[in-house]
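How does the following fold in three dimensions:
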Amino acid sequence: MRKRTVSNILAKQDGHFRWAFDEQVARERPELMHYWPKYKSTFWTLLLLADIKAPINNWQIEQSFKIIMKHFYDKTHKIYTLGSSHFPVPCLNGNILYLHFYFKKPYTKKIDMIVEFFNSYQRFDDGDYKTPKTFPYYSNTSCYGKHTCYWGIVKLLKGLSFIPKSQRTKDAKRLIENCVEFILHHEVCFRSHNKDEFIQSDIGTLTFPYLGKDDYLEILWLLSREGIRDKNVARAVELLRSKMKGDGFWELERPVPNLIVSMGKKGCANSFITERALKVLDYYGH
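Numbering: from 1, shown residues only. So this is what the prediction gives:
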């Protein structure tokens with residue numbers, strides 16, 4: 001199934017190794033080229049390919065990867081950006097780190113600069129922050145409002161977790177620790193000030209692939225990758241266990257819209273979700 005899905009995705013590339021390229025966006029909002037349309041364009045499709053464990057040495061994928069790495073890199077600030085929109089964007093940079101290391105690219109000075117930037121400036125606020133108008137946040141309340149964007153933290157952790165442990169700098173280790181601490185403070189997917197509520201409305205529904213605002217399974221998977229065992233994962237692990245169907249599968253509860261190919265139907269058993277769920281429960285105990 002994985003091999004067939006990868007083949008279907010690659011068949012939808014255009015002659016320039018892009019997916020769903022929008023010429024109007026390219027003219028009117030060039031900074032969003034390859035990012036829009038959301039979940040369908042080149043950036044998102046590369047994330048999809050990584051999430052389904054596509055081959056790391058595929059020539060077509062390599063050309064697409066080069067496109068986004070060049071397009072989104074901001075030479076001034078030495079991180080990846082969407083222009084002035086949502087600067088600095090932790091989820092964009094975390095996702096690009098994920099792609100970089102999933103596809104086995106070397107640790108470079110550019111990677112070092114990204115890690116250093118977010119180790120210096122990434123915030124971990126829990127409802128008590130006033131966003132300044134000055135560098136580096138520039139009134140960006142989407143990522144750095146009263147409560148730091150939770151998915152920004154998750155995606156940073158995702159990217160950092162794919163850096164080989166032997167290559168992690170002190171800054172990378174410190175940033176990972178801060179991300180993990182923030183996530184555990186929220187018991188993976190719950191509000192810290194009202195522990196009976198999810199931190200975000202959809203976080204308790206299983207989805208795939210993991211492109212934006214995803215689910216608690218993605219977070220548990222990342223924590224297990226980092227070898228985290230803590231009492232604050234217990235409720236999320238129990239939630240995952242409760243969702244298993246009698247035949248040993250988990251269902252897709254929230255499909256991602258607008259993908260380049262379908263990844264399953266809502267309410268049906270999903271092999272990709274099941275694979276991740278079994279790995280998580282194998283780590284945290286059945």
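
now the helices for the stretch 51-200 of the chain?
59-71, 90-102, 109-121, 141-144, 150-161, 170-185 (DSSP state H, counting those that start in this stretch).

Mean neighbour count, those helices: which tops it?
Highest mean neighbour count among the helices of the stretch 51-200 of the chain (mean count of other C-beta atoms under 10 Å): helix 150-161, with a mean of 25. No exception for glycine: its C-beta is placed from N, CA and C like everyone else's.

what's the angle between it and helix 90-102?
Between helix 150-161 and helix 90-102, the angle comes out at 20 degrees (axes from the mean of the first three to the mean of the last three C-alpha atoms, to 10 degrees).

between helix 150-161 and helix 109-121, how big is the angle?
Angle of helix 150-161 versus helix 109-121, following the same axes, to 10 degrees, is 140 degrees.

and Asp214, how far is that from Ala11?
Asp214 is 26 Å from Ala11, where distance means C-beta to C-beta, to the nearest Å.

higher neighbour count, these two?
Neighbour count, other C-beta atoms under 10 Å: between Asp214 and Ala11, Asp214 has more, with 24 against 10.

Just to check, the more buried one is in contact with Thr207?
Yes: the pair Asp214 / Thr207 is scored as a contact, 5.7 Å apart, by C-beta atoms under 8 Å.

which SS state does the residue lying farthest from the centre of the chain fall under?
Ranked by distance from the centre of the chain (C-alpha atoms, centre = their mean), the top residue is Gly246, with 29.8 Å. What DSSP: H, G, I helix; E, B strand; the rest coil gives for Gly246 is coil.

Quick check: buried residues in the one helix or strand Val237 maps to?
Element membership for Val237, per DSSP states H and E: helix 234-242. By neighbour count on 16 or more other C-beta atoms under 10 Å, the buried set for helix 234-242 is 236-237, 239-240.

Okay, Ser120 and Tyr39: tell me how far apart.
Applying C-beta to C-beta, the value for Ser120 to Tyr39 is 31 Å.

What lies in contact with stretch 71-81?
31, 33-35, 43, 82, 87-89, 92-93, 96, 110, 113-114, 117-118, 136 (C-beta atoms under 8 Å, 6 or more residues apart in numbering).

In contact with Ser224, which residues?
In this structure, Ser224 makes contact with 279-280, 283-284, judged by C-beta under 8 Å, 6+ apart.

Could you pull out the buried residues of whatever helix or strand it lives in?
Per DSSP H and E, Ser224 falls inside helix 216-225. Buried residues in helix 216-225, counted by 16+ other C-beta under 10 Å: 216-224.

shaky segments in the chain?
Residue ranges of the chain with pLDDT under 70: 286.

Tell me how it divides into domains.
The chain is divided into the following domains under automatic domain parsing: 1-71, 75-183, 186-286.

so how many other residues sit close to the nearest residue to Asn140 once chain neighbours are set aside?
Using C-beta to C-beta, 6 or more residues apart in numbering and skipping residues adjacent in sequence, the residue nearest Asn140 is His86, 5.6 Å away. By other C-beta under 10 Å, 19 other residues sit near His86.

wait, what's in contact with His86?
Here His86 is in contact with 140, 142-143 (C-beta under 8 Å, 6+ apart).

need these in TSV with distance to Asn57, can you?
Formatted as TSV, the contacts of His86 follow (distance: C-beta to C-beta, whole Å):
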residue	distance to Asn57
Asn140	37
Ser142	36
Cys143	34
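
Is Asp51 in contact with Leu217, as I believe?
No: with contact defined as C-beta under 8 Å, Asp51 does not count as touching Leu217 (11.9 Å).

if I look at these two, which residues touch both of them?
With C-beta under 8 Å, 6+ apart, Asp51 and Leu217 have no common neighbours.

I'd say Leu99 and Leu47 touch.
Yes: judged on C-beta under 8 Å, Leu99 makes contact with Leu47 at a distance of 6.8 Å.
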